[in-house]
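Need a 3D model of the sequence below.
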Amino acid sequence: MTNDFPPELLEDSLAVQQGELSDEDFHQRYRRQRAILTLGMTGFTSTALKIGELGNLLRILDAQKVCIPVLKDFGANLIRCFADNMAAIFDNPNETLLTERTFVALKERTDILLNRQNSDDQLFPFYPAVLVT
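Sure thing, here's the model as predicted:
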């Protein structure tokens, strides 16, 4: 995984602003087709109110420990975590992680236990994943 932008990106951005480089030339150099997947934890605020700040932060950590390896297994090349959200970028948008494939992959892992949620405050059912220790 790389976290760096091409060093010439800033120079070329300034060149576009100054009219020295056309928008089309800029796009030819930098535009890529990618797939972006964003994940957000459901019930984040209500859970924080129920179990407290530390419990909720640990819940976020558990979600990251479960999701990041699966995202990497499916070819995510850049993963960013912020608060209760995650974002991943995949180079090939046609072979991207799909929810069903993820669920199947998670079910096959022996280090994760999936429990169906029993809360009625969510729009869609979900399965909290818990690391088995």
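
partner residues bridging Leu39?
Met86 (DSSP bridges).

Relative to Val16, how far out is the residue most central in space within the chain?
Computing the C-alpha centroid of the chain and ranking residues by Cα atoms, centre = their mean puts Ala87 first, at 2.6 Å. The gap separating Ala87 from Val16 is 26 Å, by Cβ to Cβ, to the nearest Å. No exception for glycine: its C-beta is placed from N, CA and C like everyone else's.

Could you do Phe26 as well?
Distance, Phe26 to Val16, using Cβ to Cβ: 5 Å.

which secondary structure element contains Gly19?
Secondary structure from DSSP states H and E places Gly19 outside every helix and strand.

in this structure, which ranges drop under the pLDDT threshold?
Within the chain, the ranges that satisfy pLDDT under 70 run 1-5, 93-103, 106, 112-133.

can you give me the helices for this protein?
With DSSP state H as the criterion, the chain has helices at 8-17, 23-30, 44-73, 99-108.

Let's have those helices in TSV, adding distance to Ile79.
Shown next, in TSV, are the helices of the chain (distance: least, Cβ to Cβ, whole Å):
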stretch	distance to Ile79
helix 8-17	21
helix 23-30	21
helix 44-73	6
helix 99-108	14
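
To Asp91, which of these lies closest?
Among these, the nearest to Asp91 by Cβ to Cβ is helix 44-73 (12.9 Å).

helices or strands next to that closest one in the packing?
Packed against helix 44-73 by the contact rule (3 or more Cβ pairs under 8 Å, 6 or more residues apart in numbering; DSSP states H and E) you find strand 76-82, strand 85-90, helix 99-108, strand 129-131.

quick one: buried residues of it?
Neighbour-count burial for helix 44-73 flags Thr47, Ala48, Asn56, Arg59, Ile60, Ala63, Gln64, Val66, Cys67, Val70, Leu71 (criterion: 16 or more other Cβ atoms under 10 Å).
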